[in-house]
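Chemist: after the sequence you'll find the predicted model.
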Amino acid sequence: MNVVVLIGRMVADPELKYTPNGVAVTSFRIAIDRRFKNAAGEKQSDFIDIVAWRQSAEFAANYLSKGRLVAVQGELHSRSWVQPDGQKRYKTEVVADNIQGLDRPKDGQGQAPAAAATGDGAEHIPSEPPPAGAESDMDYDPFAEE
């Protein structure tokens, strides 16, 4: 099982790019505070690289910005490559399946469209659209009284 769930703050604004085939992709980094302080009494943070594709990439680029609190659910992927100078490089990153904005945007920042809001102020976009004719998970409220 390869499931990662992280909550942290955006380190910088995400930058949207497109592959030669026109597929949207963005990468960004989030800072996650550790629960405990170090020996000197200082808080420490981990900086985690995130990659989002397609709709999730467009959502991140349009509605998230530096400083925003976000939740990311996805898979941990590792890759390696050889640089032109012959040095082998490695990278581990989270490939996002779901991204949610957990705080409200500051004035002047993008706001999620009504269809992407969960009703509790958190923005959400699924990694893949539901099949045609399928009921959307965003329309279902498990806490609503019937």
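Modeler: Perfect, I can see it now.
Chemist: when you work out contacts or count neighbours from here on, use the C-alpha atoms and nothing else.
Modeler: Will do.
Chemist: now the strands for the chain?
Modeler: According to DSSP state E, the chain carries its strands in the segments 4-10, 15-18, 24-37, 43-53, 69-82, 88-101, 123-125.
Chemist: pLDDT below threshold where in the chain?
Modeler: Low-confidence segments of the chain (pLDDT under 70): 106-146.
Chemist: do that again at 80, thanks
Modeler: Judged by pLDDT under 80, the chain has its weakly predicted residues at 105-146.
Chemist: output the strands of the chain as TSV; include the columns mean neighbour count and distance to residue 61.
Modeler: Output for the strands of the chain, formatted as TSV (neighbours: other CA atoms under 10 Å; distance: least, CA to CA, whole Å):
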stretch	mean neighbour count	distance to residue 61
strand 4-10	18	12
strand 15-18	16	6
strand 24-37	17	7
strand 43-53	17	10
strand 69-82	16	13
strand 88-101	18	11
strand 123-125	23	12
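Chemist: for the closest residue to residue 54 other than its chain neighbours, what are its contacts?
Modeler: Of all residues not flanking residue 54 in the chain, residue 24 sits nearest, at 4.7 Å (CA to CA, 6 or more residues apart in numbering). Contacts for residue 24 were tallied using CA atoms under 8 Å, 6 or more residues apart in numbering; they are 16-18, 53-55, 57-58.
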